[in-house]
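**Student:** Everything below, folded, please.
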Amino acid sequence: MTIKVIKNEADYQRALSRLEKIFDAPANSEAGDEAELLTILIDTYEKEHYPIEAPDPIEAIKFRMDQMNLTRTDIAKIIGYQSRTTEILNKKRKLSLGMIRNLHDKLHIPYESLMSEY
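**Tutor:** Okay, here's the model as predicted:
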């Protein structure tokens, strides 16, 4: 097992290729340990070179609505008013701090997602 730091795209591609070959290796085996180390190295490289930005707050709310099978009426109970909910989901009104707190507490949407610009 020869593991080295991923410093460039070629190293990254080699690491991905190797991980693909040993992905199903048994845990606590030499190949399993190598796969675990490669996973950490690949994850670190991807976070630095291919960051995933937080979604638009409204898209985050709609995604959670879809996941939890919620309606606009359900969201209105969290936000306050049905008309306000429609304006927010249509991006005609910004979320207030109280709305952000309620959405975070009740739907477990990360603050980072709810507070980004849209």
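**Student:** Give me the nearest residue to E30, chain neighbours excluded.
**Tutor:** M1 (5.8 Å; C-beta to C-beta, 6 or more residues apart in numbering). Glycine gets a C-beta too; all of them are placed from N, C-alpha and C.
**Student:** Please list all residues in contact with that neighbour.
**Tutor:** By C-beta atoms under 8 Å, 6 or more residues apart in numbering, the contact set of M1 is 30-31, 33-34.
**Student:** contact partners of the lengthiest helix in the chain?
**Tutor:** The single longest helix within the chain, with elements called by DSSP state H, is helix 30-49. Contacting residues not belonging to helix 30-49 are listed as 1, 3, 5-6, 11-12, 15-16, 18-19, 22-23, 25-26 [C-beta under 8 Å, 6+ apart].
**Student:** mind redoing it with 10 Å?
**Tutor:** Here helix 30-49 makes contact (C-beta atoms under 10 Å, 6 or more residues apart in numbering) with 1-9, 11-12, 14-16, 18-29, 52.
**Student:** Show the pLDDT at the nearest residue to K62 once chain neighbours are set aside.
**Tutor:** Spatial nearest neighbour of K62, chain neighbours left out: L89 (7.1 Å); criterion: C-beta to C-beta, 6+ apart. Looking at L89, its pLDDT stands at 95.
**Student:** the helices in this structure, which residues?
**Tutor:** Using DSSP H, helices in the chain cover 9-22, 30-49, 57-68, 72-79, 82-89, 97-107, 111-115.
**Student:** follow-up on the earlier one: and the residue nearest to K62, what does it touch?
**Tutor:** 58, 61-62, 65, 72, 75-76, 79.
**Student:** For P110, state which of those is nearest.
**Tutor:** For these, the closest approach to P110 (C-beta to C-beta) belongs to I61, at 11.8 Å.
**Student:** Now do the same contact list for the closest one.
**Tutor:** Counting by C-beta under 10 Å, 6+ apart, the residues that I61 touches are 55, 70, 75, 78-79, 85, 88-89, 95, 99, 103, 107, 109, 113-114.
**Student:** do the same with P26
**Tutor:** Counting by C-beta under 10 Å, 6+ apart, P26 makes contact with 32, 35.
**Student:** Would you mind measuring from it to L70?
**Tutor:** 42 Å (C-beta to C-beta, to the nearest Å).
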